[in-house]
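>>> here's my sequence, what's the structure:
(chains A, B, C and D)
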Number of protein chains: 2
Amino acid sequence: MFRALTTILQSTTMPSPVCVLCQVRGESICGSLDDSELGQLHAIGRRQHIQAGETVIWAGEESPNCANILSGVFKLSALTIDGREQIVGLLHPADFIGHPYASEAEFTVTALSECEICLFPTAAFVEILESHPPFALALLKRSFETLDAARRRILLFGRQSAEERVAGFLLEMAGRPGASRATNGGPVTFELPLSRGGIADVLGLTIETVSRQMTKLRMAGTIALPGGRLVTVLNRNALERHAGKI
Amino acid sequence: MFRALTTILQSTTMPSPVCVLCQVRGESICGSLDDSELGQLHAIGRRQHIQAGETVIWAGEESPNCANILSGVFKLSALTIDGREQIVGLLHPADFIGHPYASEAEFTVTALSECEICLFPTAAFVEILESHPPFALALLKRSFETLDAARRRILLFGRQSAEERVAGFLLEMAGRPGASRATNGGPVTFELPLSRGGIADVLGLTIETVSRQMTKLRMAGTIALPGGRLVTVLNRNALERHAGKI
DNA sequence: CGGACAGTTGAGAAGTCTCAAACCTCGTGG
DNA sequence: CCACGAGGTTTGAGACTTCTCAACTGTCCG
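Reported below is the predicted structural model:
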């Protein structure tokens, strides 16, 4: 898919919006560059719109590009031999996609919603990485953070029950910017970026088990499910208790 | 514990063996430095022996040091609220311990066997990191690899049965250097760095389940258990089948 | 209205955990 | 030298959680 995008890039002359106005510059690795360095990065990158469901990196294939997420949510997944899918992580705005030094990708990266990314050819990206030490350090910091996040997920999987996983997932989603939070401490309503099946794949459960746990939380008055993928957290304390965090 | 070690360091004048002869230099991040740069790193680091069971970093505490593993195996673990332990990863020779940019450690690091490490004060280590771009890039590469390893572990937890986890764990251990491999393709015997309880914590299972799965593999003629923590792989293909990798 | 799809609910099966007891191995002290 | 105890391991039985298979509901859209 990235190969296809590359082709598009080479034949396009679409002007890119300037990085200086980028909505994620502050949080992303680009924040370590000054305006002139940013110009160099900008010269090799292009903004791309990605549709929901589109896969930008396939596990087992070489990926000639990497990217920064500007908006939207991606999933990072793998298949087991017998065809079951496991989502090993979600990627949000300002997160980095791709491994500059890996010969082939180990996981598949797929857009869950409509997304916007800042796309770089890996070779050119590596050049900038190697000629701008602060940039490499910024990516290093981010990869350490990502590593800790991955390890927290291992903790989740290894020792938590279905109830704890679902409650913990809802808390994580409610805590993300983009969740339209209401009064301080009051109910927060947000939209899940995933279907029940997607949540099941993230949490290592089945659709039915996720559904049952959501119903249980709703019956307990901890959350409300106004419809669609909307979730309202009515009692955050109770939700944290269900998540095993208290 | 690292604090204690620091105290020892300051009061000691023990000469360190030279890095040039280091047994893990080729694989570790130090491999990116030339002999003179290595001298600078050497100047801030000291070799330390760590006894089995000793904890070098405590989750939730600031850690003023980081380190490279020269020999031995460490576990990276966390406790859930209700006191259960989960091991989120194992660290082997040439692996890196600590997060240069984290204010406090998120996981506890404990030696499983007698270990030897190359210890650095984080502040001085960061200075070298920031003044030697190739060194930062080497650490970056390693952290990407570690990230992929963590994600493979998520896959293991999310979708694999007890049988697959135990078989997969044995394969991983058998594949490590240090496993005394016999004839090509023939039986390999090695010593597990962990008790049954430790394996259970790594795999997110109970001691009893691990024991039952090992017995099952032994009964099937796939492995033999000569005693102690020794394991002999009699039929690698069968073991891979049990691990769900075929 | 009919069909497709996501979500919910139910019943039984399967896998893993919990609790309990027996078994080994090994170092210690009588 | 042997008895003993501690710690780790194995085995068993039953309980519990989650999965699987299946049916049903609701919504959206043609």
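
>>> so who does the residue nearest to the spatial centre of chain A touch?
Per Cα atoms, centre = their mean, the C-alpha nearest to the average position across chain A is that of residue A:91, at 1.2 Å. When contacts are counted by Cβ atoms under 8 Å, 6 or more residues apart in numbering or on different chains, residue A:91 touches A:69, A:73-76, A:97, A:109. Quick note: C-beta positions are derived from backbone N, CA and C, even for glycine.

>>> and stretch A:39-53, anywhere near DNA strand C?
No - figure legend: stretch A:39-53 not in contact with DNA strand C (Cβ under 7 Å from any atom of the strand); closest approach 10.3 Å.

>>> which parts of chain A sit against DNA strand C?
Residues of chain A lying close to DNA strand C by Cβ under 7 Å from any atom of the strand are A:195-197, A:207-208, A:210-212, A:214-215, A:225, A:229.

>>> follow-up on the earlier one: give the bridge partners for the residue nearest to the centre of chain A, please.
residue A:74 (DSSP bridges).

>>> any figure for the gap between it and residue A:67?
10 Å (Cβ to Cβ, to the nearest Å).

>>> now the common contact residues for those two.
residue A:97.

>>> and the longest helix along chain A, how far out from the chain's middle?
Determined from DSSP state H, the single longest helix within chain A is helix A:133-159. Counting by Cα atoms, centre = their mean, to the nearest Å, helix A:133-159 is centred 13 Å from the centre of its parent chain.

>>> alpha carbons only: can I get the helix or strand that it is followed by in PDB?
For helix A:133-159, the following helix or strand on the C-terminal side (DSSP states H and E) is helix A:162-175. Extracted in PDB, the C-alpha atoms of helix A:162-175 (Å, rounded to 0.1, in the frame of the first residue of the first chain):
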ATOM      1  CA  ALA A 162     -12.300  -9.900  31.000                       C
ATOM      2  CA  GLU A 163     -14.000  -7.400  33.200                       C
ATOM      3  CA  GLU A 164     -10.700  -5.600  34.100                       C
ATOM      4  CA  ARG A 165      -9.700  -5.500  30.400                       C
ATOM      5  CA  VAL A 166     -13.000  -3.900  29.200                       C
ATOM      6  CA  ALA A 167     -13.100  -1.400  32.100                       C
ATOM      7  CA  GLY A 168      -9.400  -0.600  31.600                       C
ATOM      8  CA  PHE A 169      -9.900  -0.100  27.800                       C
ATOM      9  CA  LEU A 170     -12.800   2.200  28.400                       C
ATOM     10  CA  LEU A 171     -10.800   4.300  30.900                       C
ATOM     11  CA  GLU A 172      -7.900   4.500  28.400                       C
ATOM     12  CA  MET A 173     -10.300   5.700  25.600                       C
ATOM     13  CA  ALA A 174     -12.100   8.100  27.900                       C
ATOM     14  CA  GLY A 175      -8.700   9.600  28.900                       C
END
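
>>> list the buried residues for helix A:162-175?
Of the residues in helix A:162-175, A:162-174 count as buried by neighbour count, 16 or more other Cβ atoms under 10 Å in any protein chain shown.

>>> next one: stretch A:26-40
Neighbour-count burial for stretch A:26-40 [16+ other Cβ under 10 Å]: A:28-30, A:32-33, A:37-38, A:40.

>>> how about that stretch and chain B, touching?
No - interface with chain B: stretch A:26-40 contributes nothing (Cβ under 8 Å from any Cβ of the partner chain), its closest point being 11.2 Å away.

>>> for that stretch, measure first residue to last.
18 Å (Cα to Cα, to the nearest Å).

>>> so how far is it off the chain centroid?
The gap between where stretch A:26-40 is centred and where its chain is centred comes out at 21 Å by Cα atoms, centre = their mean.

>>> again, but for stretch A:213-221
Stretch A:213-221 sits 26 Å away from the centroid of its parent chain (Cα atoms, centre = their mean).

>>> okay, now the domains of chain A?
As assigned by automatic domain parsing, chain A contains the domains A:2-157, A:160-242.

>>> that older thread, read off the pLDDT value for the residue nearest to the centre of chain A.
The confidence metric pLDDT takes the value 93 at residue A:91.

>>> next one: residue A:7
44.

>>> hang on, residue A:192 packs against residue A:210?
No - counting by Cβ atoms under 8 Å, residue A:192 stays clear of residue A:210, with 10.6 Å between them.

>>> who's more crowded, those two?
Neighbours of residue A:192 and residue A:210, each counted by other Cβ atoms under 10 Å in any protein chain shown, are more numerous for residue A:210; the result is 24 against 17.

>>> element containing the more buried one?
helix A:207-219.

>>> which other helices and strands contact that helix?
Secondary-structure packing of helix A:207-219 (3 or more Cβ pairs under 8 Å, 6 or more residues apart in numbering or on different chains; DSSP states H and E): helix A:162-175, helix A:196-203, strand A:223-227.

>>> quick one: contacts of it?
With Cβ under 8 Å, 6+ apart as the test, helix A:207-219 has contacts from A:162-163, A:165-167, A:170, A:196-197, A:199-200, A:203, A:223-225, A:239, A:242.

>>> quick one: contacts for residue A:35?
Taking Cβ under 8 Å, 6+ apart as the test, what residue A:35 contacts is residue A:20.

>>> distance from the chain centre to the helix or strand containing residue A:47, please.
Secondary structure from DSSP H and E places residue A:47 in strand A:46-50. Its chain's average C-alpha position is 16 Å from that of strand A:46-50, according to Cα atoms, centre = their mean.

>>> so for that strand, what gets flagged as buried?
Neighbour-count burial for strand A:46-50 flags A:46-48, A:50 (criterion: 16+ other Cβ under 10 Å).

>>> please name the nearest non-neighbouring residue to residue A:102.
residue B:144 (6.8 Å; Cβ to Cβ, 6 or more residues apart in numbering or on different chains).

>>> right, and the one you found touches residue A:142 too?
No - judged on Cβ under 8 Å, residue B:144 makes no contact with residue A:142 at a distance of 10.9 Å.

>>> circling back: what touches both of residue A:192 and residue A:210?
What both residue A:192 and residue A:210 touch, as defined by Cβ under 8 Å, 6+ apart, is the set residue A:199.

>>> roughly how far does residue A:146 sit from chain B?
Applying Cβ to the nearest Cβ, to the nearest Å, one obtains 6 Å for the distance of residue A:146 from chain B.

>>> and stretch A:214-224, average pLDDT?
For stretch A:214-224, the mean pLDDT works out to 95.

>>> before we move on, the earlier item: so what's the residue nearest to residue A:102 up against?
So residue B:144 contacts A:99-102, A:143 (Cβ under 8 Å, 6+ apart).

>>> now residue A:140
Applying Cβ under 8 Å, 6+ apart to residue A:140 gives the contacts B:101, B:136, B:139-140, B:143.

>>> of those residues, which is the most crowded?
When neighbours are counted by other Cβ under 10 Å, residue B:136 leads those with 25 neighbours.

>>> does that one touch residue B:127 like I think?
No - assessed by Cβ under 8 Å, residue B:136 is found out of contact with residue B:127, at 11.5 Å.

>>> if I look at the residue nearest to residue A:95 when sequence neighbours are not counted, how far off is chain B?
Excluding its sequence neighbours, the residue lying closest to residue A:95 (Cβ to Cβ, 6+ apart) is residue A:69, at 5.1 Å. Distance, residue A:69 to chain B, using Cβ to the nearest Cβ: 16 Å.

>>> that concludes my questions; thank you for your assistance.
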